[in-house]
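Asks: only the shape, not the letters, is given here:
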Ligand SMILES: Nc1ncnc2c1ncn2[C@@H]1O[C@H](COP(=O)(O)OP(=O)(O)O)[C@@H](O)[C@H]1O
Ligand SMILES: [Mg+2]
């Protein structure tokens, strides 16, 4: 009797949670289908024209088709990675990583691909964690890539790493529009992008969802905090080893 009434109460209390999960799942499928349909439709349209003899299969047309299929491939890979990470399906490699080295190396790579940008790194060597090099690199690449994309061209982005309470804390700051308080948890949702987000150079809004799944798997944390006087500050924390 008691058990019955308890489970009844539980079911009632769980309903909004289940409804919310169901809504999120439906939203995700709708968003994913929409994102996949766009490059498929473009590719199909161009191919139909070629088959009908409306267009000519020259370098420019083939180049566009290649770009569309690459976009499609990237999206499918990101979706697969995200579902594997969230399900904990594949094993992450566990090697010792020097996060200072990693950040300096990434900054060097970004300076080559973004020669007009200024990237300042304050990260001593010896800030170590245990984790999957490729996946941790992926998180930092996405966060730094976002900072560069949103920051004005003449404003430096800064990356500061330090040891704090048994963790390595890495803060990436930019001088862009920032992320308003009410959007700070939304940015980690799959496919979420702020209104007016420039599409060039960015993805489909999966980068931070993937980053969060990776950081969670490493027992760390990723969050957005205030930046002064403006811009965004993304903090990634990973467990430190001595
Ligand atoms: N540094 C930043 N400054 C302002 N907005 C940001 C920043 N980083 C992320 N965002 C917001 O969060 C959204 C999601 O980021 P992300 O998941 O990396 O997707 P994407 O880079 O594909 O747009 C971005 O589209 C943007 O609206
Ligand atoms: Mg991104």
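Replies: Yes, it's here. Since the model is a prediction, treat every value here as computed from it, not as a measurement. Ligands and ions are numbered 1, 2, ... in the order given.

Asks: give me the pLDDT value at residue 220.
Replies: Residue 220 carries a pLDDT value of 98.

Asks: how about the residues of this protein by ligand 1?
Replies: 142, 146-147, 150, 174, 176-177, 179, 187, 192-194, 197, 202-209, 232 (Cβ under 6 Å from any ligand atom). The way it works is simple: take the backbone N, C-alpha and C, and place the C-beta from them, glycine included.

Asks: make a PyMOL selection of the buried ones in the residues you listed.
Replies: To isolate the buried members of the residues of the chain next to ligand 1 in PyMOL, using 16 or more other Cβ atoms under 10 Å:
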select buried, resi 142+146+147+150+174+176+179+187+192+193+203+204+205+206+207+208+209+232
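
Asks: which of the residues of the chain next to ligand 1 are close to ligand 2?
Replies: Of the residues in the residues of the chain next to ligand 1, proximity to ligand 2 by Cβ under 5 Å from the ion holds for 142, 146, 207.

Asks: list the contacts of residue 122.
Replies: 158, 159, 160, 161 (Cβ atoms under 8 Å, 6 or more residues apart in numbering).

Asks: got JSON lines for these, with pLDDT, secondary structure and neighbour count too?
Replies: Output for those, formatted as JSON lines (pLDDT from 0 to 100; DSSP: H, G, I helix; E, B strand; the rest coil; neighbours: other Cβ atoms under 10 Å):
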{"residue": "158", "pLDDT": "97", "secondary structure": "strand", "neighbour count": "19"}
{"residue": "159", "pLDDT": "98", "secondary structure": "strand", "neighbour count": "22"}
{"residue": "160", "pLDDT": "98", "secondary structure": "strand", "neighbour count": "16"}
{"residue": "161", "pLDDT": "98", "secondary structure": "strand", "neighbour count": "21"}
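
Asks: redo the residues you listed as TSV? Include distance to ligand 2.
Replies: Output for these, formatted as TSV (distance: Cβ to the ion, whole Å):
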residue	distance to ligand 2
158	18
159	16
160	20
161	20
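
Asks: distance to residue 80 for the residues you listed - can I get that in a markdown table?
Replies: Listed next are these as a markdown table, based on distance: Cβ to Cβ, whole Å:
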| residue | distance to residue 80 |
| --- | --- |
| 158 | 34 |
| 159 | 29 |
| 160 | 33 |
| 161 | 31 |
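
Asks: now flag whichever of those is closest to residue 130.
Replies: Taking Cβ to Cβ as the measure, residue 130 lies nearest residue 161 of the contacts of residue 122, at 16.2 Å.

Asks: which parts of the protein are helices?
Replies: Counting by DSSP state H, the chain has these helices, from start to end: 2-51, 59-87, 99-113, 133-150, 207-217.

Asks: for the last one, buried residues please.
Replies: Judged by neighbour count (16+ other Cβ under 10 Å), helix 207-217 contains these buried residues: 207, 208, 209, 210, 211, 212, 213, 214, 215, 217.
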